[in-house]
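*Asks:* I need the structure of the sequence given here:
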Amino acid sequence: MKQVARILIGVLLVFTTFQECIQSNNYLQECWVKPVNTLPGQYLTFSYSENRNELEHSFEPWQQTNYISKGIVWCNAYNFLRTDSLTFKGKNYNSKTQLDKTALLFLDYGDKDLSKVTQSMFLDQTFQTARYSPVMLINYFVQQKIIADTESNDIWAVYKTSINKTIVKLYIQKSDGLLHKITTWSDDELFGDVLTTYTYSDYSNSSKLFYPKSIQIEKINGKVKDEVKISTAIIVTEVPKLLDRPLAYKVIQDTIIKPEIEVENYSDNIHFIELKHTDDKVMVVEFSDFLLVAEAPLNSKNGELIISEAKKMAPHKPIKYFVFGHYHPHYLGGIRPFIHIGAKIICSEADEEYITYLANAPHSLNPDSLQIQPKPLLFENIKDSLTITDGKFDMKIYFIGKKSEHTNDYLIYYFPVEKLLFEDDLVWIAKDGEIKKASARQAGLYNAIKGLGLDVKTIIQSWPVADYGVKTVIPFEDLTKSMNVK
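*Replies:* Predicted coordinates for the structure are as follows:
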């Protein structure tokens, strides 16, 4: 009897779970009917205003650039069209997007030609269109027959799937059957595991079709916030043709970047690793019993590559220090592997909080060495200047900050014996033709060098090393000439 009772209880539990799944699945179906299920050939169209913030090459970490734009969207279960215009620094820019089941056509702001579309770009549009309307994404979940996730509770029916390596969740409120939240969880090469949250509110309806009038977007784990406001929507049967599909249109495969490096021994103590695949030059300074590495671009993979090359140069010398000229990704994106090997991070006090964030950011979606084996973060603070020496060879690091006219944390590196100065990206003198008047950055560097009383013969620049047609090994006299051009 006990065995029969166990079987009956097991059957009851399975039946109950099955019934709950059916009930949960009904929430997705109900949600699909309210904002998605239009008749063939119909579109939901609306105007919107958008307040967008982006992390760009600003003067300090987390400083955001704000963009205000307006546009019109047409969408249904399988199509999404958007035309958009923004004004930035007194100039008007326009973009257009046209998406269906087979093609993504995209004309970016200020461009005359369509952007090339990779497989990842095409797949990501399924959830990126949710910035303006969740219609396509809800339909995708229904078509894929996604069942309710175990995260579901009395308030939310939660559905989860993976789209192009991004984990996407829908949160449908059981009390009204409407989608109130979407989250995407993806890997960012700098910030690690990144959560983006779309929150939908102020629902209205047009011809019994529900749509949110307010969309709040939180990016990079809530560090950056955007807002989209939608005006009254209507149902239409015709949409404009925004873009012409090229005859030779195709979605291209994602490029697999193959590391390409070249090592230059500048002197017995100074070495350069040129990373051609990132267009950067990294400096390795060799002292009697340790190494210093300056710059590591973009991501942990490059950081590991640099460490490997540095070990080849001096197998028995540890990397004692890592330093970056300023906080932009081309110079510190590969910092985490250096933390993992115990190198001290040289930076100004103003950058310590940002570096701590990068060091502690989870990288579980794409684990690096620091994720697999966490290590403590070690700082070496610099105020005005810092001398790194072994008693025989000296390296001077100077904080020029705002004088760079680029960022508030800028560092430059000077070698008195070689009369060499290494810096990140301040000098832009063309390889060919006459030297033009110094930019604000060039003037900032020149004035900083003169103010510090440094005897400089040659300047070597970290980025770029191939593109843009500019010199990366610059005689100081060229910089001086640029200061004298009227």
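*Asks:* tell me which residue is most central in this protein.
*Replies:* Asp188 (5.9 Å; C-alpha atoms, centre = their mean).
*Asks:* so that one makes contact with Val194?
*Replies:* Yes - with contact defined as C-beta atoms under 8 Å, Asp188 counts as touching Val194 (4.4 Å). Every residue, glycine included, has its C-beta placed from N, CA and C.
*Asks:* what are the boundaries of the strands in the stretch 101-250 of the chain?
*Replies:* Applying DSSP state E, counting those that start in this stretch to the stretch 101-250 of the chain gives strands spanning 104-107, 156-163, 166-173, 178-188, 192-206, 209-219, 224-230, 234-236.
*Asks:* so which elements touch the shortest one?
*Replies:* Of the remaining helices and strands, those touching strand 234-236 by 3 or more C-beta pairs under 8 Å, 6 or more residues apart in numbering; DSSP states H and E are strand 43-55.
*Asks:* and what of the third one?
*Replies:* Contact here means 3+ C-beta pairs under 8 Å, 6+ apart; on that basis strand 166-173 packs against helix 2-33, helix 119-128, helix 135-143, strand 156-163, strand 178-188.
*Asks:* cutoff 10 Å now
*Replies:* Strand 166-173 sits against helix 2-33, helix 119-128, helix 135-143, strand 156-163, strand 178-188, strand 192-206, with contacts defined as 3 or more C-beta pairs under 10 Å, 6 or more residues apart in numbering; DSSP states H and E.
*Asks:* tell me the angle it makes with helix 119-128.
*Replies:* 10 degrees (axes from the mean of the first three to the mean of the last three C-alpha atoms, to 10 degrees).
*Asks:* tell me the angle of strand 166-173 relative to strand 178-188?
*Replies:* Using the same axes, to 10 degrees: strand 166-173 against strand 178-188 is 160 degrees.
*Asks:* kindly report the same for the fifth one.
*Replies:* Here strand 192-206 runs at 160 degrees with respect to strand 178-188, directions being taken by the same axes, to 10 degrees.
*Asks:* quick check: mean pLDDT of strand 192-206?
*Replies:* In this model, strand 192-206 carries a mean pLDDT of 93.
*Asks:* who does it pair up with?
*Replies:* Paired strands of strand 192-206, with direction, are strand 178-188 (antiparallel), strand 209-219 (antiparallel) (DSSP bridges).
*Asks:* could I get those as JSON lines with mean pLDDT and distance to Ser69?
*Replies:* JSON lines is the format used below for those (pLDDT from 0 to 100; distance: least, C-beta to C-beta, whole Å):
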{"stretch": "strand 178-188", "mean pLDDT": "97", "distance to Ser69": "21"}
{"stretch": "strand 209-219", "mean pLDDT": "94", "distance to Ser69": "14"}
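*Asks:* out of those strands, which gets nearest to Leu123?
*Replies:* strand 178-188 (11.9 Å; C-beta to C-beta).
*Asks:* export the closest one as CSV, just CAs?
*Replies:* Taking Å, rounded to 0.1, in the frame of the first residue of the first chain, the C-alpha atoms of strand 178-188 are listed here in CSV:
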residue,chain,number,x,y,z
LEU,A,178,0.7,42.0,-20.1
LEU,A,179,4.5,42.0,-20.5
HIS,A,180,6.0,44.4,-18.0
LYS,A,181,9.7,43.6,-18.1
ILE,A,182,12.3,42.1,-20.4
THR,A,183,15.9,41.3,-19.3
THR,A,184,18.8,40.4,-21.5
TRP,A,185,22.0,39.0,-20.0
SER,A,186,25.1,39.0,-22.3
ASP,A,187,28.9,39.1,-22.3
ASP,A,188,30.7,42.4,-22.7
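*Asks:* that one: which residues count as buried?
*Replies:* Across strand 178-188, burial judged by 16 or more other C-beta atoms under 10 Å covers Leu178, Leu179, His180, Lys181, Ile182, Thr183, Thr184, Trp185, Ser186.
*Asks:* about what we covered before: of the strands of the stretch 101-250 of the chain, which is nearest Met395?
*Replies:* strand 192-206 (31.2 Å).
*Asks:* ranges for the strands of the stretch 251-400 of the chain?
*Replies:* 261-265, 270-275, 280-286, 291-294, 319-323, 344-347, 379-381, 385-389, 394-399.
*Asks:* dump the strands of the stretch 101-250 of the chain into CSV; add distance to Thr126 as well.
*Replies:* Below are those laid out as CSV (distance: least, C-beta to C-beta, whole Å):
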stretch, distance to Thr126
strand 104-107, 10
strand 156-163, 6
strand 166-173, 8
strand 178-188, 10
strand 192-206, 13
strand 209-219, 16
strand 224-230, 18
strand 234-236, 23
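*Asks:* Arg82 is nearest to which of these?
*Replies:* Comparing the strands of the stretch 101-250 of the chain by C-beta to C-beta, strand 104-107 comes nearest, at 9.6 Å.
*Asks:* mind giving me the packing neighbours of the closest one?
*Replies:* Going by 3+ C-beta pairs under 10 Å, 6+ apart, strand 104-107 lies up against strand 80-88, strand 91-99, helix 119-128.
*Asks:* Glu423 is in contact with Leu454, isn't it?
*Replies:* No - with contact defined as C-beta atoms under 10 Å, Glu423 does not count as touching Leu454 (11.6 Å).
*Asks:* ok, for Glu60, nearest residue in space, not its chain neighbours?
*Replies:* Here the nearest residue to Glu60 in space, its sequence neighbours aside, is Asn408; by C-beta to C-beta, 6 or more residues apart in numbering that works out to 4.9 Å.
*Asks:* residues contacting the one you found?
*Replies:* Contacts of Asn408 were listed using C-beta atoms under 10 Å, 6 or more residues apart in numbering, and they are Ser58, Phe59, Glu60, Pro61, Gln63, His326, Tyr327, Ser348, Ala350, Asp351, Gly401, Lys402.
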